[in-house]
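*Asks:* here you go, sequence then predicted model.
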Amino acid sequence: MNCYCGQPKTYANCCEQAHKNIEKAETAEQLMRSRYSAFVTANGDYLMQSHHASTRPIKEKKAIVKWAKSVEWIKLDVLETTKGTENDTEGTVTFKAYFYENGKVAVIHEKSAFVKESNKWYYLGLSK
């Protein structure tokens, strides 16, 4: 079975690696995919850890986990990646994350900004 993020690997050989050690997410896209899988698995600790300290919504952690558990995740489509390679210090990933909520399909369409500090990628927030 493919990983929750859509890659043709098992969860154990894909996003779970980053969930156990954030440094395993070597690109901005890998971090973004691992964050999607963290939403699917309602892994609030990883969602906070992978969110940059300057924008980390610690007070919203319980609400985020509750919401992540309340929807049925369908799939992730990565539309575009700019920079964000192992050698970059910043990058963006544009994606669509599909889920069922209240019996209807909904989608998060976002261009996310990422930054690399101390050899770790972090989610900053919406790209400007």
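*Replies:* That came through, no problem. Numbering: from 1, shown residues only.

*Asks:* what's near enough to touch the spatially most central residue of the chain?
*Replies:* Geometric centre of the chain, nearest residue: R35, 2.1 Å, by CA atoms, centre = their mean. R35 makes contacts with 46-47, 50, 123, as judged by CB atoms under 8 Å, 6 or more residues apart in numbering. Quick note: C-beta positions are derived from backbone N, CA and C, even for glycine.

*Asks:* equivalent analysis for A25, please.
*Replies:* Residues counted as contacts of A25 (CB under 8 Å, 6+ apart) are 18, 31, 34, 50, 120-121.

*Asks:* over to Y122?
*Replies:* 31, 50-53, 114-116.

*Asks:* quick one: buried residues of the helix or strand hosting it?
*Replies:* Using DSSP states H and E, Y122 sits in strand 120-126. Applying a neighbour-count criterion of 16 or more other CB atoms under 10 Å, one finds 120-124 buried in strand 120-126.

*Asks:* which element follows the helix ranked longest in the chain toward the C-terminus?
*Replies:* Longest helix in the chain, counting residues (DSSP state H): helix 28-40. Toward the C-terminal end, the helix or strand that comes next after helix 28-40 (DSSP H and E) is helix 44-49.

*Asks:* what are the contacting residues of stretch 73-86?
*Replies:* By CB under 8 Å, 6+ apart, stretch 73-86 touches 4-6, 26-29, 32-33, 36, 39-40, 90-100, 105, 111, 114, 121.

*Asks:* tell me where this protein has helices.
*Replies:* Secondary structure of the chain (DSSP H): helices at 15-20, 28-40, 44-49, 61-70.
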